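# Starting from these lines, generate the structure:
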Amino acid sequence: MFSISNILALQAIFWGCTALYFSSDHQRTFTQSMPKALGNTLFVATIVLAAFLLGMQYNAWAMIFSTITMIIFNLALVTFTGAHENRPLRLLTYGTGVNVVLALIGGVYVA
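Have a look, this model is predicted:
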């Protein structure tokens, strides 16, 4: 069953991973990376938000497993897409679209 909180949780994880990627010195999307402190703070804040949203629906172990799995998936997605796509809007659109589709087809229920 699809839920708005699932979409919000997956989007929060994606945006946090994107902030972490944009604060890296190795990113090629922007000429200058965002400050590391800002990227790390946004990453931690969005992961806590996603864990809270998922924790309202699932038990602790399922929430932890889903959060870690989605962090790994989104870091890989942002890194691989960012290496081939130099336009930030397309990178954000691809990631947002993939995560919405994943939430709609039940990607959170793997745990």
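
# residue farthest from the centroid of this structure?
Relative to the mean C-alpha coordinate of the chain, counting by CA atoms, centre = their mean, the farthest residue is Thr31 (22.1 Å).

# May I have the phi/psi pair for that one?
Thr31 adopts backbone torsions of phi -70, psi -30, taken as degrees, to the nearest 10.

# quick one: it from Gly39, how far?
Plainly put, Thr31 is 16 Å away from Gly39 if you go by CB to CB, to the nearest Å. Backbone N, C-alpha and C define where each C-beta goes, glycine included.

# now do Gly82
For Gly82, the distance to Gly39 (CB to CB) stands at 14 Å.

# Tell me which of these two has more neighbours.
Using other CB atoms under 10 Å, the more surrounded residue of Gly82 and Gly39 is Gly82, with 23 against 20.

# mind listing what the more buried one touches?
Counting by CB atoms under 8 Å, 6 or more residues apart in numbering, Gly82 makes contact with 21, 27-29, 91.

# Using a markdown table, lay out these together with neighbour count, secondary structure and distance to Leu53.
A markdown table is the format used below for the contacts of Gly82 (neighbours: other CB atoms under 10 Å; DSSP: H, G, I helix; E, B strand; the rest coil; distance: CB to CB, whole Å):
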| residue | neighbour count | secondary structure | distance to Leu53 |
| --- | --- | --- | --- |
| Tyr21 | 24 | helix | 22 |
| Gln27 | 21 | coil | 27 |
| Arg28 | 12 | coil | 31 |
| Thr29 | 21 | coil | 27 |
| Leu91 | 21 | helix | 23 |
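
# And those residues, which is closest to Met63?
Tyr21 (23.5 Å; CB to CB).

# mind showing which ranges of this protein have poor pLDDT?
Across the chain, the ranges flagged by pLDDT under 70 are 1-2, 107-111.

# secondary structure element for the most centrally placed residue in the chain?
Central residue of the chain (CA atoms, centre = their mean): Phe14, 1.6 Å from the mean position. Taking DSSP states H and E as the definition, Phe14 sits inside helix 4-22.
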